[in-house]
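Could you look at this predicted model? Sequence included:
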Amino acid sequence: MVKKYVYTGPIKHYCACCGKLLETEWRGRYESDLSSVMQVDSDGFAIVRDRLCGKCQYEENAVAIKKSGKVFKFLAIAVIVILLITGIVLAAGHLLNNAVFGNSDLLKKSFAKKLDQFEKDERKKEYNDGCETVATAIKECFSSNDYTIYYYGENGKVEITKYTLANTTLYSLQFDKDYGKYANKTYVIKDNVIYENGDEKFAYHATSEGYADLKEALESYLPEYSFKTDIFSSRASISDETNVITDVLYSSSTTVYCNYDESKLYFKSSNVFYYASFDQAGKGKNISFPKESEYSVK
């Protein structure tokens, strides 16, 4: 007889395929024969990937139909697709990378669309107080979670990643080819050492010349150090019956849109735009640990 493990309490049900949040239960019940250990998010909700969203269910049904009655046709199509992919995958990957992550226009348009939908939502409530409290909570999201940020400033683009493993936190800042003196360089911050990867590899320790200035410059891109909590004059929120879904903060020059269900944030000011997605600590985008022996100490 298979042993069943039963969990009762707050549960968030996600799509097993794409990871989309489908339902939140405050007093849920979940049975599993796999493990007695439940993964829990920062809000205390058990994470259960036990359902399929409409899109993924449709795709799964389509696959089942093809397998049941059209195997040979499917194989013929697959061969053609593979040949096409073989010929264009590199170019397509390059174009996709530039289109989505190499150009902020699409992200800004996505932000504008989300903001427009937010403004039209009948559940929206507006406030003139509590801005700093919300901003502080958002800043703490950066401190307590891993994240990936696509940052666009006056000098170009930076891809910023925070990754936590055990008790060690690493930051990676990858600057694009037009970013002045940082162009085509990637910096990894680990403990009190900064590793520079460019034409050459250098390690900056706390006693190194230039360490303090470099550390200050790099931390200016990290929200847990640079995000200001006292600049906002108003806010608006959308809530369901149980919790806040979205917060938007406004100042004279800055708008911050934070979607809690999707764990995503947009930040737009007069000269900076960035998009951030959050992951639980240790579950984000992996950063390779630098090997000290490969770097020249500055």
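The structure has been received and is ready for your questions. Predicted, not measured: the structure shown is a model, and the values here were computed from it. Numbers count the residues shown, from 1 in each chain.

The one helix or strand Y7 maps to pairs with which strands?
Using DSSP states H and E, Y7 maps to strand 5-15. Strands that pair with strand 5-15, judged by DSSP bridges, come out as strand 21-32 (antiparallel), strand 46-51 (parallel).

For the last one, what is the distance to the chain centroid?
It stands for strand 46-51. 19 Å (CA atoms, centre = their mean, to the nearest Å).

For that strand, which outside residues touch it?
Strand 46-51 is contacted by residues 7, 9-16, 19, 22-23, 28, 30, 38-41 when judged by CB atoms under 8 Å, 6 or more residues apart in numbering. Any C-beta I mention is one placed from the backbone N, CA and C, and that applies to glycine too.

Kindly supply the ChimeraX command isolating those of these that are buried.
The following ChimeraX command selects only the buried members of those, with burial defined by 16 or more other CB atoms under 10 Å:
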select :7,10,11,12,13,14,15,22,28,30,40
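
ok so, going back, what mean pLDDT does the strand holding Y7 have?
For strand 5-15, the mean pLDDT works out to 81.

just to revisit the earlier point, point out the most buried one among the strands paired with strand 5-15.
For the strands paired with strand 5-15, the largest average neighbour count (mean count of other CB atoms under 10 Å) is found in strand 46-51, namely a mean of 16.

Over to V248. Which of the three states is it?
strand (DSSP: H, G, I helix; E, B strand; the rest coil).

Could you tell me how many residues sit around it?
Residues lying near V248 (other CB atoms under 10 Å) number 23.

What of the one 5 residues further on?
Applying other CB under 10 Å, we find 11 other residues in the vicinity of S253.

What distance do you get for it to I160?
Distance of S253 to I160, computed by CB to CB, to the nearest Å: 21 Å.

For K113, which of the strands paired with strand 5-15 is the nearest?
Within the strands paired with strand 5-15, the stretch nearest K113 is strand 21-32; the backing value is 19.6 Å (CB to CB).

May I ask which helix or strand of the chain has the lowest mean pLDDT?
The helix or strand with the lowest mean pLDDT-type score in the chain, counting by mean pLDDT, DSSP states H and E, is helix 71-96 (a mean of 49).

next SSE after that one?
helix 104-120.

And that following helix, what's buried?
S104, L107, F111, K114, L115, F118.

circling back: which outside residues touch the strand holding Y7?
Under the criterion CB under 8 Å, 6+ apart, residues 20-36, 38, 41, 43-53, 56 lie in contact with strand 5-15.

rerun at 7 Å
Contact with strand 5-15 is made by 20-26, 28-33, 35-36, 38, 41, 44-53, 56, as judged by CB atoms under 7 Å, 6 or more residues apart in numbering.

ok, which stretches of the stretch 101-250 of the chain are helices?
For the stretch 101-250 of the chain, applying DSSP state H, counting those that start in this stretch gives helices covering 104-120, 131-144, 211-219, 223-226.

mind checking which of the ones you listed is nearest Y182?
Between Y182 and these, the tightest spacing by CB to CB is seen for helix 211-219, at 8.3 Å.

how about the closest one: buried residues?
Buried residues in helix 211-219 (16+ other CB under 10 Å): Y211, L214, K215, L218.

the strands in the stretch 151-298 of the chain, which residues?
In the stretch 151-298 of the chain, the strands defined using DSSP state E, counting those that start in this stretch lie at 156-165, 168-175, 186-190, 193-197, 201-204, 234-239, 244-250, 255-259, 264-268, 273-279, 296-297.

Make JSON lines out of those strands and add distance to T148 and mean pLDDT.
Below are the strands of the stretch 151-298 of the chain laid out as JSON lines (distance: least, CB to CB, whole Å; pLDDT from 0 to 100):
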{"stretch": "strand 156-165", "distance to T148": "5", "mean pLDDT": "93"}
{"stretch": "strand 168-175", "distance to T148": "10", "mean pLDDT": "94"}
{"stretch": "strand 186-190", "distance to T148": "14", "mean pLDDT": "95"}
{"stretch": "strand 193-197", "distance to T148": "18", "mean pLDDT": "95"}
{"stretch": "strand 201-204", "distance to T148": "23", "mean pLDDT": "94"}
{"stretch": "strand 234-239", "distance to T148": "25", "mean pLDDT": "95"}
{"stretch": "strand 244-250", "distance to T148": "20", "mean pLDDT": "94"}
{"stretch": "strand 255-259", "distance to T148": "15", "mean pLDDT": "95"}
{"stretch": "strand 264-268", "distance to T148": "10", "mean pLDDT": "94"}
{"stretch": "strand 273-279", "distance to T148": "5", "mean pLDDT": "92"}
{"stretch": "strand 296-297", "distance to T148": "29", "mean pLDDT": "91"}
